[in-house]
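sequence and computational prediction follow.
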Amino acid sequence: MAWSTAQRRELAGVCGVAGLAFSFRSAVSLALLDITRDGDVQVDIAEVGKLNARGQFAYALGKLLGGAVVDAVGGLKSLLAILALLSGSFGGMALARGPGLRLTACFATSRFATAAVWTAAAVSLRSSFCHNGQAQALSIGQVAMRLGASGGSLLGGLLLSRLKTWRKLLAAYAALGAVACAALAARLARSEWEAETEPRVSGASDQSVTSVGTALKTAFKTPRLWLLFGSTTMITPTFDFVALLPQFLHDMYKLDDVSIGSLSGAFPLSAPPAILLAGTLLPALTAHGKAAALLVAQTCSAGGFFLLSRRPARSLLMPALVTIGGGSAPALSCIPPDWIMRWGGPRAGLFAGLHDVPGNLLAMFIYSQVPRLLQRGGWPMVLRHSDGSQSIPGLFESQFGRTKHDLFRQQI
């Protein structure tokens, strides 16, 4: 695998923008924690639970609709729109006076925009690496997003400790998003100008693209896609645990903002080495070997949740979070992205988005139940509910390896 300088530059740019966009996701969790401590706003943990549930519905909606939009307008232009939405929504939340339409709408908008980050990044990378190292490029893209999420927690915790208020934290991120949006817009304008000045290749013609309806009918009859959907559905709530983690650390351990940001950053930071290691080892394994490896990883993740539910010593928090994040990462980030990008053909963006919808609906339901679970049994009960589903994805993956490998692009 030898990438050209242009490909490396493209990979760095897409990964940088995607990582930055995903850092907003972690920062807003810290802002919600501080909102509950602001007596002037009157937002308690129950209200935050409602916000998270509504935000998760908006996230699922973004997954449902975002893929088709990304396929239509392109990956980089979609990333530009995402940065604009994130900047505007964070600025709007910073001006909210309390629970109400502004806070809910802006929070939901930020979650809607974040939902399409990976789809936009994957489609951008597919166009540049479809014939040369696509799987590796997509794995690096996944790593960049996890690093962005970790960086968002670290930077958010540091900014919150310095700025002393959630409003200034959100305003700072809104400004960062605006600067990044302007830089990406300038880059896109320059690229379009260069494309217009270059001579067009003769004989090039637009390929006909199958309709969304036909694509969905084909997907309905593809067992492998259903198995991937089932696996991701059970893993997504673990991936979204970062939204609940700051509140958990505050309630159970009474940590300061910097410590909460550091520990929250460790959760997504454990995924990159697991993704890179699995991306190297899994292709060399048989179907049964892959299923066994993923099942072991998910069992380790379940063990991390069990340990947290026992309220371990603070020194064990980092190992538990690393085990949860690293154990769940391979099944979510190694097999589905590359397969869907190859299988989906010109509709890959649509299915990359739909792939996460069931899991986000499940996470929405879990968020809506968190206040009730906290009243019944505290955080140990919440964590035991998360623990129970962690070994299931390996069963879906084992059947995925046995089913017929049929490429959607060959069917259209």
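Great, that's in hand.

could you use CA atoms for every contact and neighbour count after this?
Noted.

show me the helices in the stretch 251-400 of the chain, by range?
In the stretch 251-400 of the chain, the segments counted as helices under DSSP state H, counting those that start in this stretch are 257-269, 271-281, 287-309, 317-333, 336-344, 348-354, 357-387, 393-400.

most packed of those helices?
Comparing the helices of the stretch 251-400 of the chain by mean neighbour count (mean count of other CA atoms under 10 Å), helix 348-354 ranks first with a mean of 27.

for the record, mean pLDDT for that one?
For helix 348-354, mean pLDDT rounds to 80.

what's the spacing between stretch 239-258 and its chain's center?
Centroid displacement of stretch 239-258 relative to its chain, using CA atoms, centre = their mean, to the nearest Å, is 19 Å.

sorry, back to before: just put the helices of the stretch 251-400 of the chain in JSON lines and tack on distance to residue 78.
What follows is the helices of the stretch 251-400 of the chain, written out as JSON lines (distance: least, CA to CA, whole Å):
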{"stretch": "helix 257-269", "distance to residue 78": "24"}
{"stretch": "helix 271-281", "distance to residue 78": "24"}
{"stretch": "helix 287-309", "distance to residue 78": "32"}
{"stretch": "helix 317-333", "distance to residue 78": "21"}
{"stretch": "helix 336-344", "distance to residue 78": "17"}
{"stretch": "helix 348-354", "distance to residue 78": "11"}
{"stretch": "helix 357-387", "distance to residue 78": "19"}
{"stretch": "helix 393-400", "distance to residue 78": "30"}
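
which among these is found nearest to residue 51?
When those are compared by CA to CA, helix 357-387 sits nearest residue 51, at 8.9 Å.

tell me which of the helices of the stretch 251-400 of the chain lies nearest to residue 80.
The nearest among the helices of the stretch 251-400 of the chain, by CA to CA, is helix 348-354 at 16.2 Å.

by mean pLDDT, show me the worst of the helices of the stretch 251-400 of the chain.
helix 393-400 (a mean of 52).

from residue 156, how far out is residue 113?
Distance check for residue 113 against residue 156: by CA to CA, to the nearest Å, it reads 19 Å.

quick one: buried residues of the strand or helix carrying residue 114?
Using DSSP states H and E, the element containing residue 114 is helix 101-115. By 16 or more other CA atoms under 10 Å, the buried positions in helix 101-115 come out as 102-115.

can you check stretch 121-136 too?
Using 16+ other CA under 10 Å as the test for burial, stretch 121-136 gives 121, 122, 123, 124, 125, 126, 128, 129, 134, 135, 136.

now do stretch 336-353: distance to the chain's middle.
Centre to centre, stretch against its chain (CA atoms, centre = their mean), the figure for stretch 336-353 is 16 Å.

nope, stretch 304-312 is what I was after
Computed by CA atoms, centre = their mean, the separation of stretch 304-312 from the middle of its chain amounts to 24 Å.

send the alpha carbons of that stretch over as PDB?
Extracted in PDB, the C-alpha atoms of stretch 304-312 (Å, rounded to 0.1, in the frame of the first residue of the first chain):
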ATOM      1  CA  GLY A 304     -15.600  -3.300  32.700                       C
ATOM      2  CA  PHE A 305     -19.200  -2.300  33.200                       C
ATOM      3  CA  PHE A 306     -19.500  -4.900  36.000                       C
ATOM      4  CA  LEU A 307     -16.500  -3.500  37.700                       C
ATOM      5  CA  LEU A 308     -17.900   0.100  37.500                       C
ATOM      6  CA  SER A 309     -21.200  -1.100  38.900                       C
ATOM      7  CA  ARG A 310     -19.300  -2.300  42.100                       C
ATOM      8  CA  ARG A 311     -18.000   1.300  42.600                       C
ATOM      9  CA  PRO A 312     -14.300   0.400  42.500                       C
END
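
which residues sit against that stretch?
Residues outside stretch 304-312 that contact it (CA atoms under 8 Å, 6 or more residues apart in numbering): 252, 317, 320-321, 323-324, 379-381, 383-384, 386-387.

name the nearest of those residues relative to residue 26.
Distance to residue 26 across those (CA to CA) is lowest for residue 321, with 15.1 Å.

isn't that closest one right up against residue 267?
Yes: applying CA atoms under 8 Å as the test, residue 321 and residue 267 come out as touching, 5.2 Å apart.

OK, contacts around residue 124?
Neighbour list for residue 124: 14, 74, 75, 76 [criterion: CA under 8 Å, 6+ apart].

now, these that are in helices?
When the contacts of residue 124 are checked against helices (DSSP state H), the matches are 14, 75, 76.

neighbour-wise, which one of those leads?
Using other CA atoms under 10 Å as the neighbour criterion, residue 75 leads the ones in helices among the contacts of residue 124 with 26 neighbours.

that one is in contact with residue 128, isn't it?
No: contact criterion CA under 8 Å: residue 75 and residue 128 do not qualify, at 11.0 Å.

on that earlier part again, of the buried residues of stretch 121-136, closest to residue 143?
Nearest to residue 143 among the buried residues of stretch 121-136, with distances taken as CA to CA, is residue 136, at 10.5 Å.

okay, and that closest one sits in which element?
Counting by DSSP H and E, residue 136 is found in helix 134-163.

may I see the buried residues of the helix or strand just after that helix?
Where DSSP H and E defines the elements, the next helix or strand beyond helix 134-163 is helix 166-197. By 16+ other CA under 10 Å, the buried positions in helix 166-197 come out as 166-174, 176-178, 180-181, 184-185.
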